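Participant: sequence plus the predicted model coming up.
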Amino acid sequence: MSRSVLYQVIYDDLFSQITSGTLKAGSKLESEPELARRYQVSRMTVRQALDLLLADELVTRKRGSGTYVRENPRRGRRLNRLRSFAQELAGSDEAVTSQVLKASEEKAPQGVAEGLGMEVGDAMSRIKRLRLVGGVPAAVQDAWVPYAVAPGLARDPLLDGSLYRTLTEKHGLKLRWADQTMTAALLEPGVAEPLSAEVGGAVLHSVRITYSDTERAVEYTNSWTLPEFPLLLRVDAE
């Protein structure tokens, strides 16, 4: 197994422990040598995993002391990796919940069809949700998934409210990567209302097309996120 895969496994395990509360805010992680022994990898591989957690602002390093779970993570969505809305907000002590605004089987409109490499009118499942953080409306997400990819998706509840978890665990998809564009926009009535915001107010509009391990486009999602929940991204020098 390659080192890149190994550091991802370590990251995912520590990420899960932090977001579930197993590793509590302020607690100290094991040292790099201890983690290397635990996972039977090199210290360099451990350091790569810890660097990802640091980039996600889930941990902090104290010189001469070690690595600690962050006490007050910055509020915002972290886009360093492909993951669900709730995972993007991981580290926040506010609960992330969803309200399904629409779950239906529809025909693909032109923009969605073009984005997914399909024909206009092809069968689709559409899941439109309001995402709340601490009970406060944060974003609206309007997802389209080819019907053949996940039959019945719009008829059954999502696993823990997560589209990605449902696609992977129930329908056997392996999500690999996504193309995402982001632009500033003004709120239109159909989005402003569920967000309890003023029509014409500022919003960040994004379009994400997600691909499976077979290079097939399996999700087309429009998202509108309020400015109170900025998108956070670390940019490394070459």
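Facilitator: Received it, and whenever you're ready, just let me know what you need.
Participant: strands of the chain, start to end?
Facilitator: Remark: strands assigned in the chain by DSSP state E are 59-62, 66-69, 77-78, 96-107, 123-133, 136-146, 175-186, 202-212, 217-225, 231-232.
Participant: out of those, which comes closest to Leu153?
Facilitator: Of all the strands of the chain, the one in closest proximity to Leu153, counting by CB to CB, is strand 123-133 (4.0 Å). Backbone N, C-alpha and C define where each C-beta goes, glycine included.
Participant: same for the closest one, what does it pack against?
Facilitator: strand 96-107, strand 136-146 (3 or more CB pairs under 8 Å, 6 or more residues apart in numbering; DSSP states H and E).
Participant: one more time with 10 Å
Facilitator: helix 85-88, strand 96-107, helix 110-116, strand 136-146, helix 163-165, helix 189-192, strand 217-225 (3 or more CB pairs under 10 Å, 6 or more residues apart in numbering; DSSP states H and E).
Participant: quick one: average pLDDT of that strand?
Facilitator: Averaged over strand 123-133, pLDDT sits at 93.
Participant: so what strands line up beside that strand?
Facilitator: strand 96-107 (antiparallel), strand 136-146 (antiparallel) (DSSP bridges).
Participant: least reliable of the helices and strands packed on strand 123-133 by average pLDDT, please.
Facilitator: helix 85-88 (a mean of 53).
Participant: for the protein, what are the low-confidence residue spans?
Facilitator: 1-5, 72-94, 230-238 (pLDDT under 70).
Participant: before we move on, back to that, kindly compare burial across the strands paired with strand 123-133 and name the winner.
Facilitator: Most buried of the strands paired with strand 123-133 by mean neighbour count (mean count of other CB atoms under 10 Å) is strand 136-146; its value is a mean of 21.
Participant: tell me how far that strand lies from the chain's centre.
Facilitator: Averaged C-alpha coordinates place strand 136-146 at 12 Å from its chain's average position (CA atoms, centre = their mean, to the nearest Å).
Participant: and of the strands of the chain, who's closest to Arg43?
Facilitator: Of all the strands of the chain, strand 66-69 comes closest under CB to CB, at 12.7 Å.
Participant: that closest one packs against which elements?
Facilitator: By 3+ CB pairs under 10 Å, 6+ apart, strand 66-69 packs against helix 3-20, helix 32-39, helix 43-55, strand 59-62.
Participant: quick one: the longest one to chain centroid distance?
Facilitator: With CA atoms, centre = their mean as the basis, the distance from the averaged C-alpha position of helix 3-20 to the chain average is 15 Å.
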